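Participant: Sequence plus predicted model, see below.
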Number of protein chains: 6
Amino acid sequence: MTENAKHWTHLDSEGQAKMVDVSDKAPTWREARARGQVRMAKETLERILEGTVAKGNVFNTARLAGIMAAKKTWDLIPLCHPLPLASVEVFLQPEPELPGVRIEARTKTFDRTGVEMEAMVAVTHAALTIYDMCKALDRSMVLENIRLTHKSGGRSGTFEAEEAPNLS
Amino acid sequence: MTENAKHWTHLDSEGQAKMVDVSDKAPTWREARARGQVRMAKETLERILEGTVAKGNVFNTARLAGIMAAKKTWDLIPLCHPLPLASVEVFLQPEPELPGVRIEARTKTFDRTGVEMEAMVAVTHAALTIYDMCKALDRSMVLENIRLTHKSGGRSGTFEAEEAPNLS
Amino acid sequence: MTENAKHWTHLDSEGQAKMVDVSDKAPTWREARARGQVRMAKETLERILEGTVAKGNVFNTARLAGIMAAKKTWDLIPLCHPLPLASVEVFLQPEPELPGVRIEARTKTFDRTGVEMEAMVAVTHAALTIYDMCKALDRSMVLENIRLTHKSGGRSGTFEAEEAPNLS
Amino acid sequence: MTENAKHWTHLDSEGQAKMVDVSDKAPTWREARARGQVRMAKETLERILEGTVAKGNVFNTARLAGIMAAKKTWDLIPLCHPLPLASVEVFLQPEPELPGVRIEARTKTFDRTGVEMEAMVAVTHAALTIYDMCKALDRSMVLENIRLTHKSGGRSGTFEAEEAPNLS
Amino acid sequence: MTENAKHWTHLDSEGQAKMVDVSDKAPTWREARARGQVRMAKETLERILEGTVAKGNVFNTARLAGIMAAKKTWDLIPLCHPLPLASVEVFLQPEPELPGVRIEARTKTFDRTGVEMEAMVAVTHAALTIYDMCKALDRSMVLENIRLTHKSGGRSGTFEAEEAPNLS
Amino acid sequence: MTENAKHWTHLDSEGQAKMVDVSDKAPTWREARARGQVRMAKETLERILEGTVAKGNVFNTARLAGIMAAKKTWDLIPLCHPLPLASVEVFLQPEPELPGVRIEARTKTFDRTGVEMEAMVAVTHAALTIYDMCKALDRSMVLENIRLTHKSGGRSGTFEAEEAPNLS
């Protein structure tokens, strides 16, 4: 065998995808919050709130979809680490002025790396599920403004999005 | 056993979640396209284009994440049917004026139900993967404007978003 | 290479696990129904019906769990084939005399093999989810009487359990 | 943004599904045992014991199905946490008087939450696999008496089902 | 939106990963066979044949692992299509002269694309499982000579490896 | 219930598959390395290096496939434990004299059991993905010499394959 460390290292430095090695980080409590929204026709929101969408209760299904997808983040996002999730919460709020539905997810873990992606995945899958359940009524819905609003724990410290996150 | 059809039907009409029964639909060719974008700092886009993001080549990884997630749509979206995907394509385009990355996904199947959710899932997971790979540089990225732009095949006919979809 | 067909065949005839080869069967419409129940304390059923179980709405969550698990039957049961499920329905009914909850699942596919296991898996996972959500209140719940009640389509013809299945 | 904590909390108190936040619990060793049985025709049990079931060795396959499903509990039961399973054991015993097969599963973890569901899932999937492998012979088999028989570790203390669990 | 087809096409022609679009292919019966082997110490093979490996029956477990992994090929190999597998068979044969175990897998589908990867995945996972079960005895085992031996059906015609595949 | 510990133990001692109980082991840092290669036609390797394989960039896709599969090892190999992977790296090196591609994977965890199988799975799936992407050009590629080259941490101590592993 003629290869040596230099060759492999060289290849790897060319921008090849890799999971970050977190073995030198200490496990600490880490939390994250993400938000997003689904904008839709006024009539679509009314149908959700009346509970007359043919596929069933939209909020219950979207909340569960968000929680369940968060647990699969390590499988969905190629370079994420598997994490022992201590908590995932998904909140949904109808917003008549949008009109649409606002979504917030909050995640916690005790590990060597953060749970931001788990929160982002939870919001996204709750939003996709709202889209799926209502698409027969309204194909023009838009998933938007999906972003991290808070992150704490870990070496990079706390991140707080500029919008005041007024949810306790 | 004392239950009867009326009881079960009653429960079911209260808005309980259900998969649509597609057994009375004929299999036909069905296509869908969805789009979205990740808005980011100008410097973040430059790092992606230079290929100096620490986690590796962002476009390659995001494209694969979108394709692979599309194949799991049935598992991620609670009321989606499993589908024999004939094609999934994910396109990524840097957009300096955004600044950010535009994403388009195109899906095809021959089945009794549509592939809209597969296209939406592909766009979303490509976007989430971009977020994951660049978040150490820029936690304020936003996933936005994720929507269906085209759908054809099936009983509900063709849907074309109002924006002119100028991609062949 | 010295092995030959006889050796392999011999090994295989020793009772080794195998998926049935369905390539000589024609695809036809196939349906199945399964039933089961979760027996519990009277107070547990009351809490479910009042909607005061701490983990949330039990019926919604159990129904979704049943639907979603049915789609994974091919992955859970080692020798099952992957199937294009056209429909999965899960019905839940509180039964004060049990006391407990009765569960029925109905499945349909157009394929070369039957959907009995998908219906059995749906009932079982709805039942397991009821157990999970209520176990802090009542660890003595029992999952029972989980059985196939109907099967039609395919070479082996129609099966109807002896109990009169009075649900249309 | 006009939403506030009250709105979200209100929604959440309406009985919406949620994972329990276990971040205030200490990791401890936790164990669980569950049992159940598959009742079947006398001839079916004989075929299993003779090793002449067409799909292969029933006990080996069912045992592996139980172990493998236990590892997926977090994915199958919507509100379960992912757990680092330290041990899963599945025991099967032919019972000519039933006639049928008794199943016991034993699980262990070191975590902030219990392993009861993993034991219940192992029993259930071993039972479903027995059903699948023998259903061409006997569609009237019944999965029954699936229950938790023991649980220890964690704040809620030890649970022992009333039946004397005489297995060490 | 200013992007146009040329931009996207350009990006895509740079060698970016994509699933082949199979929508212009007709579904036909397709079969594949793959083979491989695990070379090991003579004593390790003896332990397998005596049935005294601590983790249990090696052949049964490896065969099931191969079958179950073949069903997940679409999820494991990024650019593979999901396929309705009609048959997966895994054969294992002890080979004292190697010394080791030979593995053959045979797969069938009726679809627009081939089942070669499913056969390769089945062989590989049976081999990995043999490695896992025996590694406490022998860490120097080698997985080798894993290759496609036969493929038929589809536009590219029949492929037969040069070695005479003398198994019917 | 008449069964007792002896019966169950007896059954279990007959060589039935089981996960090793690791609850009496202490969590420690554990590392593993595995290697393998894909031998192919000289022209196939040239096409990979030119970047003209129709399915896209082979090295990027294979590397990601290896990383992603390693995270699923617990699901693929029946008796493996779920592990919190701290690091997975996959290195690929073209080897004109082979001709073909050499693959190395390196894994780390802090747990009660080793990460050898994760390294073996990463190498194998990178190799399978190379096969998949190039098979339209060359169906005679062979996956070979897949073996563990290094293991450290845990009660069984350090293992170093006889070949000098000259990669740091």
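Facilitator: Good, I have the coordinates.
Participant: Spell out, range by range, the helices that occur in chain A.
Facilitator: A:5-12, A:42-50, A:58-70, A:73-76, A:116-134 (DSSP state H).
Participant: hmm, the longest one touching chain B?
Facilitator: Yes. Using Cβ under 8 Å from any Cβ of the partner chain, helix A:116-134 reaches chain B at A:116-117, A:120-121, A:124-125, A:128-129, A:131-133. In short, each C-beta sits where N, CA and C put it, glycine included.
Participant: what would these look like in CSV with pLDDT, neighbour count and distance to chain C?
Facilitator: Shown next, in CSV, are the residues of helix A:116-134 next to chain B (pLDDT from 0 to 100; neighbours: other Cβ atoms under 10 Å in any protein chain shown; distance: Cβ to the nearest Cβ, whole Å):
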residue, pLDDT, neighbour count, distance to chain C
A:Glu116, 98, 25, 25
A:Met117, 98, 27, 22
A:Met120, 98, 31, 22
A:Val121, 98, 31, 17
A:Thr124, 98, 31, 18
A:His125, 98, 31, 13
A:Leu128, 98, 27, 15
A:Thr129, 98, 29, 10
A:Tyr131, 98, 27, 17
A:Asp132, 98, 24, 13
A:Met133, 97, 24, 12
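Participant: so which of these are also by chain E?
Facilitator: Near chain E, by the rule Cβ under 8 Å from any Cβ, you find none of the residues of helix A:116-134 next to chain B.
Participant: Is it correct that A:Ala119 is in contact with A:Ile67?
Facilitator: No. Assessed by Cβ atoms under 8 Å, A:Ala119 is found out of contact with A:Ile67, at 11.4 Å.
Participant: Same drill for the two, tell me which one is more crowded.
Facilitator: Taking neighbours as other Cβ atoms under 10 Å in any protein chain shown, A:Ala119 and A:Ile67 compare with A:Ala119 leading, 30 against 25.
Participant: Tell me who's in contact with that one.
Facilitator: A:32-34, A:70, A:105-107, A:148 (Cβ atoms under 8 Å, 6 or more residues apart in numbering or on different chains).
Participant: change it to 10 Å
Facilitator: For A:Ala119, the contact set (Cβ atoms under 10 Å, 6 or more residues apart in numbering or on different chains) comprises A:31-35, A:66, A:70, A:73, A:88-90, A:104-108, A:148-151.
Participant: With A:Ile77 instead?
Facilitator: By Cβ under 10 Å, 6+ apart, A:Ile77 lies in contact with A:117-118, A:120-121, B:61-62, B:65, B:69, B:125, B:128-129, B:131-133, F:68.
Participant: follow-up on the earlier one: which residues are in contact with each of A:Ala119 and A:Ile67?
Facilitator: A:88-90, A:105, A:107.
Participant: Centre-most residue in chain A?
Facilitator: Central residue of chain A (Cα atoms, centre = their mean): A:Met120, 1.7 Å from the mean position.
Participant: Am I right that that one is in contact with A:Arg106?
Facilitator: No. With contacts defined as Cβ atoms under 10 Å, A:Met120 does not count as touching A:Arg106, sitting 11.8 Å away.
Participant: Determine the residues that are contacts of both of these two.
Facilitator: In contact with both A:Met120 and A:Arg106: A:32-34, using Cβ under 10 Å, 6+ apart.
Participant: any idea which of the residues you listed has the most stuff around it?
Facilitator: Neighbour max across those (other Cβ under 10 Å) = A:Ala34, 28 neighbours.
Participant: With the flanking residues excluded, which residue is spatially nearest to that one?
Facilitator: A:Ala119 (3.9 Å; Cβ to Cβ, 6 or more residues apart in numbering or on different chains).
Participant: quick one: contacts for the closest residue to chain F within chain A?
Facilitator: Distances between chain A and chain F by Cβ to the nearest Cβ are smallest at A:Asp21, namely 3.8 Å. A:Asp21 makes contacts with A:81, A:112, F:86-89, F:106, F:108, as judged by Cβ under 10 Å, 6+ apart.
Participant: The closest residue to chain D within chain A: neighbouring residues, count only.
Facilitator: For chain A and chain D, the shortest gap (Cβ to the nearest Cβ) falls at A:Ser87, measuring 3.8 Å. Using other Cβ under 10 Å, A:Ser87 has 20 neighbouring residues.
Participant: Same check on A:Glu97?
Facilitator: 6.
Participant: Next, it: phi, psi?
Facilitator: phi -70, psi -20 (degrees, to the nearest 10).
Participant: And it, how close does it get to A:Val90?
Facilitator: 22 Å (Cβ to Cβ, to the nearest Å).
Participant: Same check on A:Val101?
Facilitator: A:Val101 is 11 Å from A:Val90, by Cβ to Cβ.
Participant: again with A:Lys42
Facilitator: 24 Å.
Participant: neighbour count winner among these two?
Facilitator: Legend: neighbour count by other Cβ under 10 Å for A:Lys42 and A:Val90, higher for A:Val90 (28 against 12).
Participant: any idea how far chain E is from the closest residue to A:Ser23 other than its chain neighbours?
Facilitator: Spatial nearest neighbour of A:Ser23, excluding adjacent residues (Cβ to Cβ, 6+ apart): F:Ala86 at 4.3 Å. From F:Ala86 across to chain E, the span is 20 Å (Cβ to the nearest Cβ, to the nearest Å).
Participant: F:Ala86: what's it in contact with?
Facilitator: Residues in contact with F:Ala86, defined by Cβ under 10 Å, 6+ apart, are A:19-25, A:81-82, A:111-113, F:29-31, F:107-111, F:115.
Participant: what do you get if the cut-off is 6 Å, keeping everything else the same?
Facilitator: A:22-23, F:108-109 (Cβ atoms under 6 Å, 6 or more residues apart in numbering or on different chains).
Participant: Likewise for A:Ser156?
Facilitator: So A:Ser156 contacts nothing (Cβ under 6 Å, 6+ apart).
Participant: State the distance from it to E:Leu128.
Facilitator: Applying Cβ to Cβ to A:Ser156 and E:Leu128 gives a distance of 37 Å.
Participant: Also A:Val38?
Facilitator: From A:Val38 to E:Leu128 the distance is 43 Å (Cβ to Cβ).
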